[in-house]
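Chemist: structure for the following, please:
(one chain, ligands or ions: 1)
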Amino acid sequence: MSAPQTLMVFIDGLGLGPVDPAINPIYRGYSPRLADLLENHAVAVDPVMGVKGLPQSATGQTTIITGRNASEIMGRHMEGFPGPTLVPVIEENNLYDRLQKSGFTCTFANAYYLKDMEELYRRRHWSVSTVAAMKAFGWVRNAESLLSDCAVHQDLTRAVLRERGYTGPIITPAEAGGHLLGIAEQHDFTLFEYFQTDLMAHKGSDKDIHRVLSELDEFINALLPFGRRDGCLLILLSDHGNIEDSRSRQHTMNPVPLVAMGKGGERLKDKVLRLDDFAGTLLELYHTSPVRQIRMTPK
Ligand SMILES: [Zn+2]
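Modeler: Numbers count the residues shown, from 1 in each chain. All right, here's what the predicted structure looks like:
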């Protein structure tokens, strides 16, 4: 079987919770397509991985992108940004580098609203996704990429950028989805990171939470055709729960959803029981590919 062309959307703070609108905002009608995906097309993945406490982002995201159990390495679930222990783990084990070494093209589709790389270097803390992208590519998409629709901003519509002096158009989540598809079509593996779900579940009003779910729903809907295309694989995965339980502002102990539609998707859903199963299983889909064999035996 040849390797899939993968589009992966990482969604921060989205767990599998009860199908009860009183508790779970996903079932309040703002995100019908997301609700259907979670109910009928997702498998439950364990983000706790045998480590005490509530799962957190720095360790969860490191685990997703490396396949190493970062929570076990740290001895706890760690929130926020990766530190001196996790940064080398990301640099040495990230999916991008491992795919690139086998000849596959990879990219991180998020736009950083920066004029130049110097601005990024001046930031004291880098997220897991920034560490991985900078290690693998040495650059990230910037303001210019965003204005030419060759990048997607983390909030999809760019509305949050108004405060930062952005004067370009505000776009619809469906348009953002279209831009992401354009990027995914040009690479073997594309990752996009969305974290408004976790942010609003921590700090937003009900109205904010419902708006974010509605935007995410429209965005995902625009991506669904990718999962039906020949040779393509559409993945949704989260690092821990949060938004699915309105009774608390904290992360939850719920399993997270893995949606995998298209080529290799069933295998991924069969094999990935915990977050640290993900990267290795995804790599297997690429390593079992005849692409390398074709390259080794040229005509
Ligand atoms: Zn959080």
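
Chemist: show me what contacts His210?
Modeler: Taking CB atoms under 8 Å, 6 or more residues apart in numbering, we find His210 in contact with Pro25, Arg28, Tyr30. Every residue, glycine included, has its C-beta placed from N, CA and C.

Chemist: a markdown table please, covering those and showing distance to Asp36, pLDDT and neighbour count.
Modeler: Output for those, formatted as a markdown table (distance: CB to CB, whole Å; pLDDT from 0 to 100; neighbours: other CB atoms under 10 Å):
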| residue | distance to Asp36 | pLDDT | neighbour count |
| --- | --- | --- | --- |
| Pro25 | 15 | 98 | 23 |
| Arg28 | 14 | 98 | 17 |
| Tyr30 | 13 | 98 | 18 |
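
Chemist: which residues of the stretch 1-150 of the chain fall in helices?
Modeler: Counting by DSSP state H, counting those that start in this stretch, the stretch 1-150 of the chain has helices at residues 32-40, 57-66, 70-74, 86-93, 95-101, 117-122, 128-137, 143-147.

Chemist: quick check: buried residues in the second one?
Modeler: Residues Ser57, Ala58, Thr59, Gly60, Gln61, Thr62, Thr63, Ile64, Ile65, Thr66 are the ones in helix 57-66 that count as buried (16 or more other CB atoms under 10 Å).

Chemist: next: the fourth one.
Modeler: Of all the residues in helix 86-93, those buried under the rule 16+ other CB under 10 Å are Leu86, Val87, Val89, Ile90, Glu91, Asn93.

Chemist: the last one now?
Modeler: Of the residues in helix 143-147, those buried under the neighbour-count criterion (16+ other CB under 10 Å) are Ala143, Ser145, Leu146.

Chemist: without its sequence neighbours, what residue ends up closest to the last one?
Modeler: What sits nearest to Leu146 in space, not counting adjacent residues and going by CB to CB, 6 or more residues apart in numbering, is Ala111, at 4.0 Å.

Chemist: got the contact list for the one you found?
Modeler: Per CB under 8 Å, 6+ apart, neighbours of Ala111: Arg141, Asn142, Ala143, Ser145, Leu146, Ala151, Val152, His153, Gln154.

Chemist: beta partners of it?
Modeler: Arg141 (DSSP bridges).

Chemist: work out for me the element the closest residue to Asp208 other than its chain neighbours sits within.
Modeler: The shortest distance from Asp208 to any non-neighbouring residue, by CB to CB, 6+ apart, is to Met200 (4.7 Å). Using DSSP states H and E, Met200 falls within helix 196-203.

Chemist: I'd like the average pLDDT over that helix.
Modeler: For helix 196-203, mean pLDDT rounds to 98.

Chemist: next, the buried residues of it.
Modeler: Gln196, Thr197, Asp198, Leu199, Met200, Ala201.

Chemist: which strands or helices does that helix pack on?
Modeler: helix 206-228 (3 or more CB pairs under 8 Å, 6 or more residues apart in numbering; DSSP states H and E).

Chemist: please tell me how far the nearest residue to Gln250 once chain neighbours are set aside sits from Val272.
Modeler: Using CB to CB, 6+ apart and skipping the chain neighbours, the partner closest in space to Gln250 is Leu54 (6.3 Å). Leu54 sits at a distance of 21 Å from Val272 (criterion: CB to CB, to the nearest Å).

Chemist: those two: who's more crowded?
Modeler: Set Leu54 next to Val272 and count neighbours by other CB atoms under 10 Å: Val272 wins out with 22 against 16.

Chemist: how far is stretch 50-69 from where the chain is centred?
Modeler: Mean C-alpha position of stretch 50-69 versus that of the full chain (CA atoms, centre = their mean, to the nearest Å) differs by 14 Å.

Chemist: what is the end-to-end distance of it?
Modeler: 10 Å (CA to CA, to the nearest Å).

Chemist: surely the residue nearest to Asp208 meets Ile243?
Modeler: Yes: using CB atoms under 8 Å, Met200 is in contact with Ile243, at 7.1 Å.

Chemist: anything in contact with each of those two?
Modeler: Joint contacts of Met200 and Ile243 (CB under 8 Å, 6+ apart) are Ile209, Val212.

Chemist: Provide a list of residues in contact with the residue nearest to Asp208.
Modeler: For Met200, counting by CB under 8 Å, 6+ apart, the contacting residues are Asp208, Ile209, Val212, Ile243.
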